[in-house]
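J.: no FASTA, just this:
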C-alpha cells in the first residue's frame, strides 16, 4: 500500500508569460484605424516589482502523515484597479488549514497526484474573499479541493501607511502519494 508523504515548497510567481491570456484569439484590426486596441488582459503578471522575502513567518504544515501539502503563498507586483499582489515575506498567516482532510478519498484510491496554483484575493480584514484556479493539476477533484483549502486561509490584515489594503497572492498546493 502507498504511504502518504507531504512536501511544502514556496510557489514562485508565474513566469511573465501570457500562458493563460494568450490562447484568446484576437480579431484582425482594420488597417484604417491603427488606434483601435484589443481589450487589455484583466490580470497580466508584471515581471518585477516584487520584494524578496526576508522572513519565513508562515506556519508550515506538519510533514508526518499528510497526503496533501500547502506551500506558502507568493506573488508579484501590484496593478492599478486590482488588489495589490504581494509575496509571502509581507504576509502573516493567522490560520493555515491542514490540507490532508481535503485530499479527496477517491483521488487517493485512484492514485491522482498533482500541483495546483490558486490565486487568493484577501480582504482588508485578512479573510480570503475569492480563490481562483491559476494552474490546474489536470484532476478536477484536486483542483476543487485546492480552492477549498485556499478559501480557509486567514491572514493578518496587510497595511499600507497604516491602512488595511485588499491584496492578492498565489498559493501552491501539492497533492502527493508516496510509497514507503
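T.: Looks like it arrived, so ask away. Bear in mind that the values here come from a model prediction, so they are computed numbers and not experimental data. Residues are numbered from 1 along each chain as shown.
J.: tell me which other helices or strands the helix or strand hosting residue 151 touches.
T.: In the assignment (DSSP states H and E), residue 151 maps to helix 140-152. On a contact count with 3 or more Cβ pairs under 8 Å, 6 or more residues apart in numbering; DSSP states H and E, helix 140-152 meets strand 68-70, helix 105-110, strand 114-122, strand 128-135, strand 167-175. All C-beta spots, glycine's among them, are computed from the backbone N, C-alpha and C.
J.: mind listing residues that contact that helix?
T.: Applying Cβ atoms under 8 Å, 6 or more residues apart in numbering, the contact partners of helix 140-152 are 68, 70, 95, 97, 99, 102-104, 106-107, 112, 114, 116, 118, 120, 128, 131-133, 136-137, 171, 173, 175.
J.: filter those residues to the buried ones?
T.: Among the contacts of helix 140-152, those classed as buried by 16 or more other Cβ atoms under 10 Å are 68, 70, 97, 99, 102-104, 107, 112, 114, 116, 118, 120, 128, 131, 133, 137, 171, 173, 175.
J.: to residue 86, which of the helices and strands packed on helix 140-152 lies closest?
T.: Comparing the helices and strands packed on helix 140-152 by their distance to residue 86 (Cβ to Cβ), the top pick is strand 167-175, with 5.2 Å.
J.: ok, the following helix or strand past that closest one: who's next to it in the sheet?
T.: As assigned by DSSP H and E, the chain's next helix or strand after strand 167-175 is strand 177-178. According to DSSP bridges, strand 177-178 forms sheet pairs with strand 3-4 (antiparallel).
J.: least confident of the helices and strands packed on helix 140-152, on average?
T.: Least confident of those, judged by mean pLDDT, is strand 68-70 with a mean of 59.
J.: which element is encountered next along the chain beyond that one?
T.: Immediately after strand 68-70, counting by DSSP H and E, sits strand 84-85.
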